[in-house]
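1. only geometry, no sequence info:
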C-alpha cells in the first residue's frame, strides 16, 4: 500500500514509466545511486516489455514476491538477474546486478565496500550455482541450488514471516 502512495498520479492512469519508477525507487536509497538497480527492477516488473509498468504487472510482481511459492519467488529473482531475457545468467549480467546493488547501498556502508567486492560476490555465486561449469547459470541450476541451500531457504522463510 505504501508503494502505491508513492506513485501519486502515475497509477491513476494505470502506467508508470521508467524515469518515474527510478525517481521514486531512489528515494529509498538516498545514500547511494539506485538508478541502475531500479532500471533492472523496472525491467523485471515490465512483463510485456513496453517501457511502462501497468498497475496489474506491479501487483502481480509484488504478489509473487510476498505470497508466491518458493519456486515462483526464485523464478522472479532469476528473471531479474537475466538482464537480456535469454534464459541464462552470465557473469557479466550478475556483475552488472551486483555492482548496481553496491552502488545503491552507497560507498559509506559498514563494513566498507572494497572495489572488488561485486566481482568476488559474482565468483562465489557462480561457484555455487553453475553446477555443470559451462559459464552460465540456467533457471534449473538456479532453482535447484537455491532450494538445496539452507541459508537461502532460511532467508526466504524469514522474509515470509516478516510479511
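-> Received the coordinates, thanks. Everything quoted here is computed from the prediction, not taken from an experiment. Numbering: from 1, shown residues only.

2. following the top helix by length along the chain, which helix or strand shows up next?
-> The helix spanning the most residues in the chain, taking DSSP state H as the definition, is helix 91-105. Reading on from helix 91-105 to the C-terminus, the next helix or strand found by DSSP states H and E is helix 117-129.

3. and the angle for that next one with helix 91-105?
-> Helix 117-129 runs at 130 degrees relative to helix 91-105, counting by axes from the mean of the first three to the mean of the last three C-alpha atoms, to 10 degrees.

4. so residue 133: helix, strand or coil?
-> Three-state call for residue 133 (DSSP: H, G, I helix; E, B strand; the rest coil): coil.

5. tally of neighbours for it?
-> 7 (other C-beta atoms under 10 Å). The C-beta positions use only the backbone N, C-alpha and C, and glycine is treated the same way.

6. what about the strands in the protein?
-> Assigned by DSSP state E, the strands in the chain fall at 15-17, 52-54, 88-90, 136-138.

7. hmm, back to that, centre of the chain to the longest helix of the chain, how far?
-> Distance, stretch centre to chain centre, for helix 91-105: 10 Å (C-alpha atoms, centre = their mean, to the nearest Å).

8. which residues touch that helix?
-> Applying C-beta atoms under 8 Å, 6 or more residues apart in numbering, the contact partners of helix 91-105 are 29, 31-34, 36-37, 39-40, 80-84, 113, 117-119, 121-122, 125-126, 135, 137.

9. what's around residue 153, how many residues?
-> 13.

10. what of residue 124?
-> Neighbours around residue 124, by other C-beta under 10 Å: 10.

11. ok, now residue 81?
-> Residue 81 has 20 neighbouring residues, counting by other C-beta under 10 Å.

12. can you tell me the closest non-neighbouring residue to it?
-> Spatial nearest neighbour of residue 81, excluding adjacent residues (C-beta to C-beta, 6 or more residues apart in numbering): residue 89 at 4.7 Å.

13. make sure the one you found is actually in contact with residue 137.
-> Yes: applying C-beta atoms under 8 Å, one finds residue 89 in contact with residue 137, separated by 4.4 Å.

14. what is in contact with those two at once?
-> Joint contacts of residue 89 and residue 137 (C-beta under 8 Å, 6+ apart) are residue 129.

15. ok, residue 106 - contacts?
-> 29, 31, 32, 33.

16. which non-adjacent residue is nearest residue 85?
-> residue 79 (7.6 Å).
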